[in-house]
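Chemist: the amino acid sequence is not available; the structure is as follows:
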């Protein structure tokens, strides 16, 4: 279920950003956003799993760091 949510929310965000930025059709933004959501879900999980094992810390600390990085990167890319 979380993967479906990431696909849907990625598609929605991609649609909004693409339409606001280009004032063209929304389909390309939805597709790119959904693909980004899938890549982010799998890459984020793998990186977090490896960091927890390497640093020997609780998952929650790495998860919070992951969230901060995701929010920071989103703000950076949207503001450009």
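Modeler: Looks like it arrived, so ask away. The model shown is predicted, which means the values in this text are computed figures rather than measured ones.
Chemist: quick check: longest helix of the protein.
Modeler: helix 27-55 (DSSP state H).
Chemist: give the residue farthest from the middle of the chain.
Modeler: residue 56 (24.8 Å; Cα atoms, centre = their mean).
Chemist: now do the phi/psi pair for that residue.
Modeler: The phi/psi pair for residue 56 (degrees, to the nearest 10) reads phi 60, psi 50.
Chemist: distance check, it against residue 47.
Modeler: Distance, residue 56 to residue 47, by Cβ to Cβ, to the nearest Å: 16 Å. All C-beta atoms are positioned from the backbone trio N, CA, C, and that covers glycine.
Chemist: cool, residue 10 as well?
Modeler: Taking Cβ to Cβ, one finds residue 10 at 17 Å from residue 47.
Chemist: who has more neighbours, the two?
Modeler: The residue with more neighbours, out of residue 10 and residue 47, is residue 10; 22 against 13, by other Cβ atoms under 10 Å.
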